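> Got a sequence here, can you model it:
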Amino acid sequence: MKDIVNIAVIGLGGRGSGMAEIMCKMKDINLIGVCDLHQDRIDEMVDFCVNEAHRPAPFATTDYKEIFKLEGLDTVYVATDWEMHVRISIDSMKAGIPVAMEVGGAYTLDECWELVDTYEETGVWAMMMENCCYDEREMMVHNMARDNVFGKIVYCSGKYAHDLREEVGYGDIEGHYRLRNYLNRNCENYPTHELGPIAKILNINRGNRFTSLVSVCSGSFGMDYYVRHNKELKPSLGDKHFKQTDIVKTFIKTENGETIELTLDTCLPRFYSRDFTVRGLKGLYQGDGDIVYLDKESFRKKEWSQKNFWGRGSRYNKKYGGKLWKETTPEMLEAGHGGMDWFIIRAWIEAVKNDTLPPIDVYDAAAWMSITPLSEKSINEGSSTLEIPDFTRGKYKNREDKAEGRYAID
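Down below sits the predicted model:
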């Protein structure tokens, strides 16, 4: 077991730099290398390490392949634009370095297969940093499902519902990759926040798998309207039309008979929501409203109005809440996304320290990320139904390899 883990961060935008700052607060992590294409981001991170975190200055480069040559490097964290996540992760694995890869959809199925093939050829793992798997409510509902509180699960749904008009619209000014994606692609581009926790509950890749999907979409109006009514954006975007549609719905079928509904909703005014929902034969959990409705407790009392159940999730947290959330400190909760960022970092670092498998592995990453290119193809073919590959090549039926320790979620 390693006492100290030497890491490098590739990609120092908002996510990468924010996570690097959290890592610098952890005494068992040494940040020995940083990389970004923008020199000003590199300079800011080096300055933070030296003058705020009071750490040694890390090696700095604009060429990510130089990172893999660092002496004593144990693992790499990748938070670049979506296009490069898989490519850099594969190069890291081939260099013998376990890698933590930030979320986002893949661009092709070939990318997903190459990620899996590289792991199987090298034995070096990649972990997807899907922090929502460690959210307090997602972990509570996961434990409730494991304890059969909801009975046989039939339907799950979730959203990435987040008003991103400003982030997308100012992409050229702020250097954000979402702009070029929204101009040129139409798909479920960010599926893993809602799909990851659902996949773990439904035992995807461990006795169950995704089998097919179909995606449908609205028109593309929201971003065009936002740009036309924002004078600051007219000079840079002019009359460009956004290909990404306002609402994308993706429906996934599983081998064990469940249906999953995903919603991408980022181009219209709205409040943030993942609306994580799990429905079974005995009841449900619904994220919007934090609702638990259990048949045996409610139906016989004829409590059918939704208002009777608003906020009931907290009643079940004492019994079913994840152990991690019962041991939180203010530092963890302030780290980012209410504590989820702290837990996902620890899950990755503990796998490196103990030389064990990560809790979100390459098979998970490939299956979840494949939804993006498949949704794009489905939409382009008039909402055709498409098969989802089995990236485990049949191993899902009786897999025994799994993560160990307090961060395991299978």
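> When you work out contacts or count neighbours from here on, use the C-alpha atoms and nothing else.
Fine.
> Dump stretch 203-212 to PDB, restricted to CA.
What follows is stretch 203-212, C-alpha atoms only, in PDB (Å, rounded to 0.1, in the frame of the first residue of the first chain):
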ATOM      1  CA  ASN A 203     -26.300  -4.000 -12.000                       C
ATOM      2  CA  ILE A 204     -25.300  -3.000 -15.500                       C
ATOM      3  CA  ASN A 205     -22.200  -5.000 -16.500                       C
ATOM      4  CA  ARG A 206     -22.700  -7.200 -13.500                       C
ATOM      5  CA  GLY A 207     -25.600  -9.500 -14.300                       C
ATOM      6  CA  ASN A 208     -27.400  -7.000 -16.500                       C
ATOM      7  CA  ARG A 209     -26.700  -4.800 -19.500                       C
ATOM      8  CA  PHE A 210     -28.000  -2.100 -21.800                       C
ATOM      9  CA  THR A 211     -29.500  -3.700 -24.900                       C
ATOM     10  CA  SER A 212     -30.900  -0.900 -27.100                       C
END
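> Could you pull up the mean pLDDT of it?
Averaged over stretch 203-212, pLDDT sits at 98.
> From the chain's centroid, how far away is that stretch?
18 Å (Cα atoms, centre = their mean, to the nearest Å).
> which residues in the stretch 201-350 of the chain form strands?
Using DSSP state E, counting those that start in this stretch, the strands of the stretch 201-350 of the chain run over 210-217, 247-254, 259-265, 277-280, 283-286, 291-294.
> As a markdown table, these with mean neighbour count would be great.
As requested, those are arranged in a markdown table below (neighbours: other Cα atoms under 10 Å):
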| stretch | mean neighbour count |
| --- | --- |
| strand 210-217 | 22 |
| strand 247-254 | 20 |
| strand 259-265 | 22 |
| strand 277-280 | 22 |
| strand 283-286 | 23 |
| strand 291-294 | 22 |
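> So for residue 374, which of the ones you listed sits nearest?
strand 210-217 (7.8 Å; Cα to Cα).
> on contacts alone, who are the packing partners of that closest one?
Applying 3 or more Cα pairs under 8 Å, 6 or more residues apart in numbering; DSSP states H and E, one finds that strand 210-217 contacts strand 247-254, helix 371-380, strand 386-387.
> quick one: which of the ones you listed is nearest residue 53?
Each of these has some distance to residue 53 by Cα to Cα; the shortest is helix 371-380, at 37.7 Å.
> distance of the residue nearest to residue 252 when sequence neighbours are not counted from residue 317?
Once flanking residues are discounted, residue 252 sits nearest to residue 213: 4.3 Å by Cα to Cα, 6 or more residues apart in numbering. Separation of residue 213 from residue 317 (Cα to Cα, to the nearest Å): 33 Å.
> How about residue 59?
As judged by Cα to Cα, residue 59 and residue 317 stand 44 Å apart.
> Would you agree residue 82 is in contact with residue 101?
No: the criterion here is Cα atoms under 8 Å, and residue 82 misses it with residue 101 at 10.1 Å.
> Looking at the two, which one has more neighbours?
Neighbours per residue, other Cα atoms under 10 Å: of residue 82 and residue 101, the larger number sits with residue 101, 23 against 20.
> residues in contact with the more buried one?
77, 78, 79, 85, 86, 89, 126, 127, 128, 129 (Cα atoms under 8 Å, 6 or more residues apart in numbering).
> In three-state terms, label residue 76 for me.
Assigned with DSSP: H, G, I helix; E, B strand; the rest coil, residue 76 falls in the strand class.
> Return, as residue ranges, the portions of the stretch 251-400 of the chain with sub-threshold pLDDT.
299-307 (pLDDT under 70).
> which residues in it form helices?
All helices of the stretch 251-400 of the chain, identified by DSSP state H, counting those that start in this stretch, fall at 295-298, 317-320, 330-333, 340-354, 362-369, 371-380.
> a markdown table for the ones you listed, including mean neighbour count?
Output for these, formatted as a markdown table (neighbours: other Cα under 10 Å):
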| stretch | mean neighbour count |
| --- | --- |
| helix 295-298 | 14 |
| helix 317-320 | 15 |
| helix 330-333 | 14 |
| helix 340-354 | 21 |
| helix 362-369 | 26 |
| helix 371-380 | 23 |
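> Indicate which one of those helices is closest to residue 238.
So among these, helix 371-380 is nearest, using Cα to Cα, at 25.7 Å.
> between the closest one and strand 210-217, how big is the angle?
Relative orientation of helix 371-380 versus strand 210-217 (axes from the mean of the first three to the mean of the last three Cα atoms, to 10 degrees): 50 degrees.
> Only alpha carbons, please: show helix 371-380 as CSV.
What follows is helix 371-380, C-alpha atoms only, in CSV (Å, rounded to 0.1, in the frame of the first residue of the first chain):
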residue,chain,number,x,y,z
ILE,A,371,-25.0,6.6,-25.3
THR,A,372,-23.7,9.8,-26.9
PRO,A,373,-22.7,8.5,-30.3
LEU,A,374,-25.6,6.1,-30.4
SER,A,375,-28.1,8.9,-29.6
GLU,A,376,-26.6,11.0,-32.4
LYS,A,377,-27.0,8.2,-34.9
SER,A,378,-30.5,7.4,-33.7
ILE,A,379,-31.6,11.1,-34.1
ASN,A,380,-29.9,11.3,-37.6
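> Just name whatever secondary elements it is in contact with.
Partner elements for helix 371-380 (3+ Cα pairs under 8 Å, 6+ apart): strand 210-217.
> Quick one: distance of the strand it packs on to the chain centre.
Per Cα atoms, centre = their mean, the displacement of strand 210-217 from the mean C-alpha position of its chain is 19 Å.
> Break the protein into its domains for me.
5-131, 132-329+362-397 (automatic domain parsing).
> And the shortest one, end to end?
Length of domain 5-131, first residue to last, Cα to Cα: 20 Å.
> What residues does the spatially most central residue of the chain make contact with?
In the chain, the C-alpha nearest the mean C-alpha coordinate belongs to residue 130, at 3.3 Å (Cα atoms, centre = their mean). By Cα under 8 Å, 6+ apart, residue 130 lies in contact with 102, 103, 192, 193, 196, 344, 360.
> thinking again about what came up before, ok, which of the helices and strands packed on strand 210-217 comes nearest residue 175?
Residue 175 lies closest, by Cα to Cα, to one member of those: helix 371-380, at 22.6 Å.
> what is the orientation angle of the closest one with strand 247-254?
110 degrees.
> Run through who's touching helix 371-380.
105-109, 185-191, 213-217, 250, 384-386, 388.
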